[in-house]
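Participant: Here you go, sequence then predicted model.
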Amino acid sequence: MLYGYRVTNKEEVGLYNAGLVQISFYHGWGMGIEELEKAVSLCKEKKIRYVIHPVNFFLSEARTQERKETMEVLRKAARLTDMALILHDERVPPGSRLFGLWDKYYREALGELERTCKVSIENANNSHDVEWFWRNYASS
């Protein structure tokens with residue numbers, strides 16, 4: 001079994017003797033892409049396997065400018081990934097399954113990221129419906 005822990009800044013990398021770290025960075029929080037790069041560099045330096053977990057970045061974003069900015073960050077994160085990019089399932093307000101443009105944008109973004117790195121879909125937003133989500137969006 002491989003176990004790990006979450007870090008949100010480079011100072012937390014290597015705190016515990018674990019098989020991997022999950023580097024989480026949150027849209028609108030302090031850790032931007034530059035800080036993510038520093039945490040990745042430290043993982044590489046210490047020979048620690050890692051996954052990258054962008055939080056509150058929505059693949060189904062339908063607003064043009066926000067979608068462009070989101071994908072720019074996610075493309076960079078995908079290129080930095082070691083083991084996988086961990087993404088969330090998504091839904092549209094008021095909590096329904098993705099459909100229409102949201103479905104289209106999610107599939108397009110997911111496909112693009114999967115061509116760069118392995119992607120794992122975490123069931124954080126709609127856990128009771130995760131099997132449907134995995135059947136419809138997961139490629140493996």
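Facilitator: That came through, no problem. Source: prediction; values computed, not measured.

Participant: Now do the host helix or strand of Trp134: distance to the chain's middle.
Facilitator: Using DSSP states H and E, Trp134 sits within helix 130-137. Here helix 130-137 shows a centroid-to-chain-centroid distance of 17 Å under the convention CA atoms, centre = their mean, to the nearest Å.

Participant: next one: stretch 29-36
Facilitator: The answer for stretch 29-36 is 14 Å, by CA atoms, centre = their mean.

Participant: quick one: average pLDDT of it?
Facilitator: If you average the pLDDT over stretch 29-36, you get 81.

Participant: Stretch 3-22 too?
Facilitator: So the average pLDDT for stretch 3-22 ends up being 94.

Participant: what does stretch 132-140 give?
Facilitator: On average, stretch 132-140 scores 83.

Participant: Buried residues of that stretch, list them for me.
Facilitator: 133, 137 (16 or more other CB atoms under 10 Å). Backbone N, C-alpha and C define where each C-beta goes, glycine included.

Participant: Go ahead and name everything in contact with it.
Facilitator: 89, 97, 106-107, 110, 114, 121, 123, 126 (CB atoms under 8 Å, 6 or more residues apart in numbering).

Participant: Buried ones among these?
Facilitator: For the contacts of stretch 132-140, a burial check counting by 16+ other CB under 10 Å picks out 89, 106, 110, 121, 126.

Participant: Pull the most distant pair out of those.
Facilitator: Of all pairs drawn from the buried ones among the contacts of stretch 132-140, the widest gap by CB to CB lies between Leu110 and Asn126 and measures 15.8 Å.

Participant: which residues are contacting stretch 96-112?
Facilitator: Residues from elsewhere that reach stretch 96-112 (CB under 8 Å, 6+ apart): 59-62, 67, 70-71, 74-75, 87, 90-92, 119, 126, 129, 132-133, 137.
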